[in-house]
Structure formats: C-alpha cells, structure tokens
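Engineer: predicted model, plus sequence, below.
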Amino acid sequence: MSMNPMQEALEEEGYRTANIDYPSRDHVIAELATIAVDAGLASCREDEDVEKIHFVTHSLGGILLRQFLSTESIDDLGRVVMLGPPNQGSAAADDMEGIPGFDWINGPAGKELGKGEGSVPLALGPVDFELGVIAGNRTIDPITSAVLENPDDGRVSVEDTKVEGMDDFVVVEHSHAFMMRMQKPIKLTIEFLRSGSFSAASE
C-alpha cells in the first residue's frame with residue numbers, strides 16, 4: 001500500500017507496473033530476495049512485449065535486489081531507483097537490536113542490515129547496473145535518529161544510502177516512512193527511469 005501512489009504515477013506515465021508485497025519479517029535477506037524479485041520478474045514477464053524491467057525500491061527492497069543480483073542475472077534489467085536504501089548498512093540496526101520488540105518489528109532480515117559483522121549490505125560490493133539513489137534528510141523518529149549520523153531520514157543516514165557504482169544521487173526533504181508517497185521523489189523517480197539522471201527533475 002505504501003507504494004500505491006508511486007505505482008499510480010508510473011502508470012499515468014505509461015509504465016506497466018507490478019507492485020510486489022513480501023513477508024519482510026519472516027525470512028533472512030537471501031530468502032526474501034528470491035521471493036520478492038522472482039515474483040516481480042514473473043509478473044512483468046507475463047506481458048510478452050516487455051523489453052526492459054525497471055525496479056523502484058524502498059528501504060530493504062534495494063538490498064533485496066542487490067542480493068539477488070549478486071548470485072543471479074537479469075538479462076532484461078533496465079534502470080533502478082532506490083529510495084532510502086541502507087546500502088552501507090544502518091547503525092540503527094546495530095544499536096537497537098537488543099531493544100524489546102526489535103525482532104518482532106524487523107524480523108531476521110533486520111539483524112542483517114547493520115554495519116558490523118554479518119552485515120549483508122556491506123558484503124555486496126559495488127553495483128554494475130544503472131542506479132539512482134534518493135535519500136531523505138528529515139526524521140519523525142528522534143530516538144532512532146540519535147544513533148544515526150546526521151543528516152538522516154529516521155532509519156538510515158544520508159551517507160549510508162550511497163553505494164559505489166551508482167549513476168546519480170539526490171537528497172529530498174522527506175522522512176524514510178513517507179518519501180515514496182511524496183510528489184518530489186515520485187517526480188525524480190520518473191525522470192531517472194526516463195533519462196538515467198535526476199537532473200531535469202531536481203530543480
């Protein structure tokens with residue numbers, strides 16, 4: 001549901017979409033990557049006319065795609081936009097792991113999103129596909145933000161959204177939980193899918 005506004009905007013621009021839900025609290029990242037990405041690819045390929053499959057991800061979704069591509073190839077992969085991805089891990093996952101309720105809220109994948117030993121994002125290396133990253137610099141969670149490097153979006157610092165090999169990067173004044181629903185990130189996403197750059201929509 002959180003991606004519905006993005007989906008509707010993309011469809012208005014002529015894109016055919018597959019809005020994929022996945023059980024984020026039930027599996028480790030490697031298992032989630034197979035579940036989510038396979039489902040998305042299968043849905044897109046139901047249309048025989050599809051030539052390129054683009055990905056628009058939020059948060060963990062970007063890590064799932066990177067994990068999938070570390071062991072599998074997508075021959076018809078197009079461009080990718082990641083919103084608020086913890087590409088360098090998140091200090092919040094390390095600092096808050098021992099808090100009661102963390103496991104219930106974040107599941108086993110949450111433990112793998114830190115910056116220490118066992119960090120999946122840090123083990124994945126550079127990207128080799130067309131990627132634009134959108135980071136947020138506003139927070140509605142001062143408790144979590146207290147353990148993050150500023151600026152941050154309440155879940156991941158701006159700096160930790162970056163990854164070697166990305167083609168473009170932009171910061172928006174939105175929080176992690178809501179950026180995918182906001183007009184500016186949606187406009188930026190559409191521009192990157194069109195052109196491979198945020199430039200025309202970043203003014």
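Structural biologist: Cool, got the structure.

Engineer: now do the SS call for Glu48.
Structural biologist: coil (DSSP: H, G, I helix; E, B strand; the rest coil).

Engineer: next, count neighbours for it.
Structural biologist: As a burial measure, Glu48 scores 5 neighbours (other CB atoms under 10 Å). Glycine gets a C-beta too; all of them are placed from N, C-alpha and C.

Engineer: pull the longest helix from this structure.
Structural biologist: helix 29-44 (DSSP state H).

Engineer: mind checking the SS state of Ile20?
Structural biologist: Look at Ile20: counting by three-state DSSP, its state is coil.

Engineer: that one contacts Gly40, doesn't it?
Structural biologist: Yes: when contacts are counted by CB atoms under 8 Å, Ile20 is listed as touching Gly40 (4.6 Å).

Engineer: the two: which has the busier surroundings?
Structural biologist: Neighbour count, other CB under 10 Å: between Ile20 and Gly40, Gly40 has more, with 23 against 20.

Engineer: got the contact list for the more buried one?
Structural biologist: Ala18, Ile20, Ile53, Phe55 (CB atoms under 8 Å, 6 or more residues apart in numbering).

Engineer: just give me the closest of the residues you listed to Val127.
Structural biologist: Nearest to Val127 among the contacts of Gly40, counting by CB to CB, is Phe55 at 11.6 Å.

Engineer: that closest one pairs with what?
Structural biologist: Beta-bridge pairing for Phe55 (DSSP bridges): Val80.

Engineer: how many residues are close by it?
Structural biologist: When neighbours are defined as other CB under 10 Å, Phe55 has 26 of them.

Engineer: where does pLDDT dip in the protein?
Structural biologist: Residues of the chain meeting the criterion pLDDT under 70: 94-107, 203.

Engineer: residue boundaries of the helices in this protein?
Structural biologist: 4-12, 29-44, 60-69, 91-95, 102-110, 120-123, 142-145, 183-195.

Engineer: which one of those helices lies nearest to Asp153?
Structural biologist: Between those, helix 142-145 lies closest to Asp153; by CB to CB that is 8.5 Å.

Engineer: tell me which residues in stretch 153-169 are buried?
Structural biologist: Buried residues in stretch 153-169, counting neighbours by 16 or more other CB atoms under 10 Å, are found at Asp153, Gly154, Arg155, Val156, Ser157, Val158, Asp160, Thr161, Val163, Met166, Asp167, Asp168.

Engineer: next one: stretch 195-202
Structural biologist: Buried residues in stretch 195-202, counted by 16+ other CB under 10 Å: Ser197, Phe198, Ala201.

Engineer: how about stretch 135-152?
Structural biologist: Applying 16+ other CB under 10 Å to stretch 135-152 flags Ala135, Gly136, Asn137, Arg138, Thr139, Asp141, Thr144, Ser145, Leu148, Pro151, Asp152 as buried.
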